[in-house]
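Visitor: give me coordinates for this.
(one chain, ligands or ions: 1)
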Amino acid sequence: MQTRQARDISGASLLAQQDPEVAQAIQGEDERQRYSVVLIASENYASRAVLQAQSGVMNNKYAEGYPGRRYYGGCQYVDVVERLAIQRCQQLFGAEHANVQAHSGAGANMAAYFAVLKPGDTVLGMALDQGGHLTHGATVSFSGNLYKFFQYGVDRQTETLDYDQVERLALEHKPKLIVAGCSAYSRILDFPRLRAIADQAGALLMVDMAHIAGLVAGGAHPSPLPHAHLVTSTTQKTLRGPRGGLILSTEELARKVDSAVFPYSQGGPFMHVIAAKAVCFGEALRPEFARYAAQVVANCQVLARELSEAGLRLVAGGTDNHLVLVDLTPLGITGRDAESALEAVGIVANKNAIPFDPKPPRVTSGLRLGTPAITSRGFGEGEVRQVARWIVQILTHMKDAPVHQQVAAEVRALTGRFPVPGLDS
Ligand SMILES: *Cc1c(COP(=O)(O)O)cnc(C)c1O
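Guide: Residues are numbered from 1 along each chain as shown. Have a look, this model is predicted:
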């Protein structure tokens with residue numbers, strides 16, 4: 001099944017002669033991805049075209065500045081890919097302005113803050129342990145130190161975002177910016193409501209759609225545009241592109257955003273990654289991508305239904321998007337133990353704090369499961385039901401070695417039947 005191209009991308013040919021140690025690790029990773037059921041909600045399989053663009057000669061080019069306004073000569077071809085990336089990204093999300101240079105999601109958030117805030121300014125963001133992200137004001141992140149963050153979360157009963165609390169905090173603290181967007185939240189976000197709160201408090205609204213960008217692009221989740229003044233994202237999660245970030249904004253904030261990325265917080269852009277972003281946005285503009293996005297959500301519905309029918313407790317009662325958060329407390333096991341038991345049979349997911357989790361972040365009471373990667377791999381509802389049954393078997397037979405061996409063999413057999421996008425096709 002492997003073609004020469006695929007081996008080149010996995011580094012198994014030329015690299016194997018030049019640097020066998022690195023080549024061997026890459027080969028190991030290739031096989032791990034091949035024979036795992038990847039349920040990490042933030043991971044995906046980028047296409048061969050995305051991987052090729054990213055591994056090419058544009059790696060070698062310095063291009064500080066923006067298309068047509070560079071500080072280096074020889075930029076005619078990198079200008080082409082960056083213009084394509086910007087134009088496709090604007091079209092995909094209906095944005096007035098797009099900056100595609102941020103090296104990562106965290107870097108995009110940092111630059112977005114730099115564009116509209118001064119150190120010490122007041123900001124409202126979702127708490128990390130309630131489903132938010134580190135860069136939304138956690139004290140271990142630059143964000144929680146550079147700015148005066150107040151944190152909102154979910155309602156204890158419904159475990160859905162507490163918009164009344166957001167409103168209360170916004171009117172009380174008068175933040176300059178309200179940040180919304182999550183890493184472990186399974187319900188749809190109400191962007192019009194968030195914008196109304198921001199307007200009422202005289203704040204700007206920033207939506208970090210890192211997790212859901214692919215669903216937004218494919219029409220499977222409401223878009224934060226035009227409600228948000230600033231939208232940040234990663235490109236590697238549901239959007240299925242290279243690892244990287246982007247910032248969308250109104251025309252009014254365009255200059256501030258661009259100068260906050262370069263020269264304020266970054267040097268030379270990763271032109272090979274920007275080339276791959278252009279490919280990714282081009283893919284996301286096609287009708288197949290909308291089908292993929294709808295299938296990610298449909299698969300996640302099946303996963304949620306199977307797990308809850310088997311008696312597992314899902315945070316917020318289920319899902320509207322690409323992920324489910326399982327509360328393992330009733331099973332008497334921790335997120336850490338569940339993660340390692342599943343990994344041992346080839347099912348890769350991550351432990352995750354649940355709202356109001358009494359356990360520390362390295363242990364947790366939750367398990368986060370997502371369907372983007374398995375959907376890209378072609379899993380349909382039948383395979384998802386099988387995956388759900390395996391998860392239930394492992395979590396309800398944590399010390400039963402024969403059950404684990406049986407599941408491991410079945411995982412190996414199923415994954416062996418599904419080609420890996422980017423590697424095989
Ligand atoms: C993943 C994520 C990020 C960070 O992205 P990186 O590319 O890992 O830096 C930022 N915000 C949210 C909501 C995320 O889920």
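Visitor: what residues does the stretch 51-200 of the chain put near the ligand?
Guide: Applying Cβ under 6 Å from any ligand atom, we find that the stretch 51-200 of the chain lies next to the ligand at 104-106, 109, 133, 135, 181-183. C-beta here means a position set from N, CA and C on the backbone, and glycine is covered the same way.
Visitor: after the helix or strand residue 92 falls within, which helix or strand is next? Please name it.
Guide: Per DSSP states H and E, residue 92 falls inside helix 76-93. Per DSSP H and E, the first helix or strand lying C-terminal to helix 76-93 is strand 97-99.
Visitor: what lines up beside that next one in the sheet?
Guide: strand 245-249 (antiparallel) (DSSP bridges).
Visitor: mind listing what residue 211 touches?
Guide: Applying Cβ atoms under 8 Å, 6 or more residues apart in numbering to residue 211 gives the contacts 41-42, 181-183, 237-238, 321-323.
Visitor: wait, a strand at it?
Guide: No: counting by DSSP: H, G, I helix; E, B strand; the rest coil, residue 211 is not part of a strand but coil.
Visitor: and for the residue of the stretch 101-250 of the chain at minimum distance from the ligand, the neighbour number?
Guide: Closest residue of the stretch 101-250 of the chain to the ligand, Cβ to the nearest ligand atom: residue 105 (2.3 Å). Residue 105 has 28 neighbours, counted by other Cβ atoms under 10 Å.
Visitor: spatially nearest residue to it (excluding sequence neighbours)?
Guide: residue 234 (3.6 Å; Cβ to Cβ, 6 or more residues apart in numbering).
Visitor: wait, what's in contact with that neighbour?
Guide: 42, 104-105, 108, 210, 213, 243-245.
Visitor: most widely separated two among those residues?
Guide: 42 and 108 (14.6 Å; Cβ to Cβ).
Visitor: of those two, which one has the most company?
Guide: residue 108 (32 against 20).
Visitor: would you format the contacts of residue 234 as CSV with distance to residue 287 and pLDDT included?
Guide: Below are the contacts of residue 234 laid out as CSV (distance: Cβ to Cβ, whole Å; pLDDT from 0 to 100):
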residue, distance to residue 287, pLDDT
42, 25, 98
104, 29, 98
105, 27, 98
108, 28, 98
210, 24, 98
213, 18, 98
243, 26, 98
244, 24, 98
245, 26, 98
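Visitor: which of those residues lies closest to residue 385?
Guide: residue 42 (23.3 Å).
Visitor: compare the contacts of residue 211 and tell me which is most surrounded.
Guide: residue 238 (38 neighbours).
Visitor: wait, doesn't that residue sit right on residue 284?
Guide: No: using Cβ atoms under 8 Å, residue 238 is not in contact with residue 284; the gap is 9.8 Å.
Visitor: okay, and the common contacts of the two?
Guide: With Cβ under 8 Å, 6+ apart as the test, residue 238 and residue 284 both reach residue 214.
Visitor: buried residues in the helix holding residue 92, which are they?
Guide: For helix 76-93, burial by neighbour count (16 or more other Cβ atoms under 10 Å) applies to 78-79, 81-82, 84-86, 88-90, 92-93.
Visitor: quick check: angle from that helix to strand 245-249?
Guide: 60 degrees (axes from the mean of the first three to the mean of the last three Cα atoms, to 10 degrees).
Visitor: and helix 76-93, what does it pack onto?
Guide: With contacts taken as 3 or more Cβ pairs under 8 Å, 6 or more residues apart in numbering; DSSP states H and E, helix 76-93 sits against strand 97-99, helix 213-217, strand 245-249, helix 271-284.
Visitor: which of the residues of the stretch 51-200 of the chain next to the ligand fall within helices?
Guide: 105-106, 109 (DSSP state H).
Visitor: what number of residues are in the vicinity of residue 253?
Guide: Neighbour tally, residue 253, other Cβ under 10 Å: 20.
Visitor: now it: how far from the ligand?
Guide: Applying Cβ to the nearest ligand atom, to the nearest Å, the value for residue 253 to the ligand is 19 Å.
Visitor: that residue belongs to a helix?
Guide: Yes: secondary structure of residue 253 (three-state DSSP): part of a helix.
Visitor: surely it touches residue 97?
Guide: Yes: between residue 253 and residue 97 there is a contact at 7.2 Å, judged by Cβ under 8 Å.
Visitor: list the residues that contact both of those two?
Guide: Joint contacts of residue 253 and residue 97 (Cβ under 8 Å, 6+ apart) do not exist.
Visitor: now the closest residue to the ligand within the stretch 251-400 of the chain, what are its backbone angles?
Guide: Per Cβ to the nearest ligand atom, residue 323 is where the stretch 251-400 of the chain lies closest to the ligand, at 10.4 Å. The phi/psi pair for residue 323 (degrees, to the nearest 10) reads phi -140, psi 160.
Visitor: got the CA coordinates for stretch 150-157 in PDB?
Guide: In PDB, the C-alpha atoms belonging to stretch 150-157 read as follows (Å, rounded to 0.1, in the frame of the first residue of the first chain):
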ATOM      1  CA  PHE A 150     -11.200  37.200  35.700                       C
ATOM      2  CA  GLN A 151     -12.400  33.700  34.900                       C
ATOM      3  CA  TYR A 152     -15.800  32.400  34.100                       C
ATOM      4  CA  GLY A 153     -16.900  28.800  33.800                       C
ATOM      5  CA  VAL A 154     -19.900  26.500  33.500                       C
ATOM      6  CA  ASP A 155     -23.100  26.100  35.500                       C
ATOM      7  CA  ARG A 156     -22.700  23.400  38.200                       C
ATOM      8  CA  GLN A 157     -26.100  21.800  37.300                       C
END
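Visitor: which residues does residue 344 contact?
Guide: Neighbouring residues of residue 344 by Cβ under 8 Å, 6+ apart: 404, 408.
Visitor: what's the distance between it and residue 369?
Guide: 16 Å (Cβ to Cβ, to the nearest Å).
Visitor: sec struct for residue 118, please.
Guide: With three-state DSSP as the basis, residue 118 sits in coil.
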